[in-house]
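Enquirer: structural data only, the sequence is not supplied:
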């Protein structure tokens, strides 16, 4: 193949030909920030202009590399004119473009490539559906006003969108990536998205990080984030991003790790304006939602049927709309009281969690209120689920408190006569969960009975076999079932018989409640 650039190529294009053969970088930047920013209206003259067809020619049928070199397309600060058409191409060369300005869309649909790095570039739109890349695809700090399409694309290692700015297409989709497969990590940290960030039925082998992302959907009734049926092999991060961690990102392709930060470092929260949909998603390590702000605009934060070993929900301010956890299954639930919206905005039908690990003090009274705020009509299942989780953590007393609240809530759904009986059970024995209350009623019955029989001692059954009269012991023997205190030889009168019957019935009901409560306490050990 010819070692010289084709005739008619401009001076920058001829330089690019030679740089390509040697695998060198062609840097067309001026050194002036205002002129080198692709999104600004700087000076992009002929000495920095390269035609898109030149890039396509180099990548598809470029010259042989110089002896001992590896051909690669490395270009910085270029103005690329025309549409870059690489759809269906088999690209064997490494691509790295920095700070380039494309005046037309870039097409990589159904192309095969190795590694593609387009850092800090401006392009109207990127069409890359069914792209197959064996290495990385980097779009860090790129500005794409009409969005990116990566539907059914396959990325061999990492996909990086850090600090990118994505606008929406005519359907308000800023990222269309349904069916996307990324074998390692997908990073979209501090990305700015104006439209829907859509990744339905995707498969991410590593982590999916949206730390500090700013998502905005202005069209009413639409989602700004849609991860329905997506599987993440590690962790989903819908969290804040420490500002100090981005000080060196401009030299790291937007990785955003930078210098270590201290605990008091300012944080840019994850922000979502519009619906957030994680329905049927699976996160193999954890789903982390903290340092996040949700302005749902009438939509919901839907975590329905998600599966994950740990769900951390610890926002500093609650979402302003509904949070749905229906049929979700998690291991550890790590949360804070202030993270959850009240006023019936949490849905937990069928929500299963193994243990509670609050990130801030979360008392049982607050936990019951959290549960009851989520219920419309009475449902026993959420109470049983919460009580079971508390028992697994050894918090039997709190579990009984939850079951007691369950019975009181159930009473409100019963007919009038059943509610009356339930109220009596509540007042007297606390549905069996307040044995101390039963003991107090026993004490009151004993005192009243003692006072009555002190004033009205009964005659003996047999005058010559009468035991020594003791009113307190006589009343106690009536109250305590199957207990003989030597006071059985007395014959109460007409009124006294009714008093004795009341004492016996009261004793059977209340004493068994006290014994049951004591047995529970002993079983805790």
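Expert: That came in fine, so what should we check first? None of the values given here were measured: they were computed from a predicted structure.

Enquirer: for residue 390, see how far away residue 242 is.
Expert: 34 Å (C-beta to C-beta, to the nearest Å). All C-beta spots, glycine's among them, are computed from the backbone N, C-alpha and C.

Enquirer: for the stretch 201-350 of the chain, give me the ranges with low pLDDT.
Expert: By pLDDT under 70, the low-scoring segments of the stretch 201-350 of the chain are 244-265.

Enquirer: what of the chain?
Expert: The model of the chain has pLDDT under 70 over residues 1-2, 244-265, 376, 418-419, 421-437, 481-482, 486, 509-525.

Enquirer: just the helices from it, written as ranges.
Expert: Residue ranges of the helices in the chain, as given by DSSP state H, are 11-22, 33-36, 52-61, 364-373, 380-392, 396-411, 416-429, 435-455, 471-479, 494-523.

Enquirer: so for residue 176, which of the ones you listed sits nearest?
Expert: Among the helices of the chain, helix 52-61 comes nearest to residue 176, with 22.5 Å by C-beta to C-beta.

Enquirer: list the buried residues of that closest one.
Expert: By neighbour count on 16 or more other C-beta atoms under 10 Å, the buried set for helix 52-61 is 52, 54-59.

Enquirer: helices or strands up against that helix?
Expert: Judged by 3 or more C-beta pairs under 8 Å, 6 or more residues apart in numbering; DSSP states H and E, the packing partners of helix 52-61 are helix 11-22, strand 72-76, strand 79-81, strand 84-85.

Enquirer: residues contacting the residue lying closest to residue 119 once chain neighbours are set aside?
Expert: With sequence-adjacent residues excluded and distances taken as C-beta to C-beta, 6 or more residues apart in numbering, residue 119 is closest to residue 98, at 4.9 Å. With contacts defined as C-beta atoms under 8 Å, 6 or more residues apart in numbering, residue 98 is in contact with 75-77, 119-121.

Enquirer: how close does the residue in the chain sticking out farthest from the centre get to residue 492?
Expert: Relative to the C-alpha centroid of the chain, counting by C-alpha atoms, centre = their mean, residue 464 is the outermost residue, at 81.6 Å. According to C-beta to C-beta, residue 464 and residue 492 sit 19 Å apart.

Enquirer: now swap in residue 359 and tell me
Expert: Counting by C-beta to C-beta, the gap between residue 359 and residue 492 amounts to 63 Å.

Enquirer: follow-up on the earlier one: which one of the buried residues of helix 52-61 is nearest residue 398?
Expert: Nearest to residue 398 among those, counting by C-beta to C-beta, is residue 59 at 64.8 Å.

Enquirer: wait, that closest one sits on residue 85?
Expert: No: counting by C-beta atoms under 8 Å, residue 85 is not a contact partner of residue 59; they are 10.9 Å apart.

Enquirer: now tabulate the contacts of residue 98 in JSON lines and tack on neighbour count.
Expert: Formatted as JSON lines, those follow (neighbours: other C-beta atoms under 10 Å):
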{"residue": "75", "neighbour count": "24"}
{"residue": "76", "neighbour count": "18"}
{"residue": "77", "neighbour count": "22"}
{"residue": "119", "neighbour count": "22"}
{"residue": "120", "neighbour count": "24"}
{"residue": "121", "neighbour count": "27"}
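
Enquirer: now these as JSON lines including distance to residue 471?
Expert: Below are the contacts of residue 98 laid out as JSON lines (distance: C-beta to C-beta, whole Å):
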{"residue": "75", "distance to residue 471": "106"}
{"residue": "76", "distance to residue 471": "103"}
{"residue": "77", "distance to residue 471": "105"}
{"residue": "119", "distance to residue 471": "95"}
{"residue": "120", "distance to residue 471": "95"}
{"residue": "121", "distance to residue 471": "98"}
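
Enquirer: surely residue 154 is in contact with residue 133?
Expert: Yes: counting by C-beta under 8 Å, residue 133 is a contact partner of residue 154 at 7.1 Å.

Enquirer: related to what we said a few turns ago, export the helices of the chain to a markdown table and append columns for distance to residue 336.
Expert: Below are these laid out as a markdown table (distance: least, C-beta to C-beta, whole Å):
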| stretch | distance to residue 336 |
| --- | --- |
| helix 11-22 | 55 |
| helix 33-36 | 43 |
| helix 52-61 | 51 |
| helix 364-373 | 10 |
| helix 380-392 | 16 |
| helix 396-411 | 17 |
| helix 416-429 | 31 |
| helix 435-455 | 32 |
| helix 471-479 | 48 |
| helix 494-523 | 31 |
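
Enquirer: residues near residue 302, how many?
Expert: 26 (other C-beta atoms under 10 Å).

Enquirer: so who does it touch?
Expert: Residue 302 makes contact with 275-279, 324 under the criterion C-beta under 8 Å, 6+ apart.

Enquirer: with residue 211 instead?
Expert: Neighbouring residues of residue 211 by C-beta under 8 Å, 6+ apart: 189-190, 237, 239-241, 256, 270.

Enquirer: same check on residue 33?
Expert: If a contact means C-beta under 8 Å, 6+ apart, then residue 33 has no contacts.

Enquirer: measure it to residue 49 for me?
Expert: Separation of residue 33 from residue 49 (C-beta to C-beta) stands at 20 Å.

Enquirer: ok, residue 239 next?
Expert: Residue 239 is 42 Å from residue 49, by C-beta to C-beta.

Enquirer: equivalent analysis for residue 475, please.
Expert: Per C-beta to C-beta, residue 475 is found 107 Å from residue 49.

Enquirer: give me the number of residues near residue 130?
Expert: Neighbours of residue 130 under the rule other C-beta under 10 Å: 18.

Enquirer: could you double-check that it lies in contact with residue 155?
Expert: No: counting by C-beta under 8 Å, residue 130 does not reach residue 155; the two are 11.8 Å apart.

Enquirer: one step back: quick one, which of the helices and strands packed on helix 52-61 gets closest to residue 384.
Expert: Closest to residue 384 of the helices and strands packed on helix 52-61, according to C-beta to C-beta: strand 84-85, at 59.9 Å.

Enquirer: in the sheet, which strands lie alongside the closest one, parallel or antiparallel?
Expert: Partners of strand 84-85 in the sheet, by DSSP bridges, are strand 106-107 (parallel).

Enquirer: name the residues that touch the partner strand?
Expert: By C-beta under 8 Å, 6+ apart, the residues outside strand 106-107 that reach it are 83-87, 123, 125-128.
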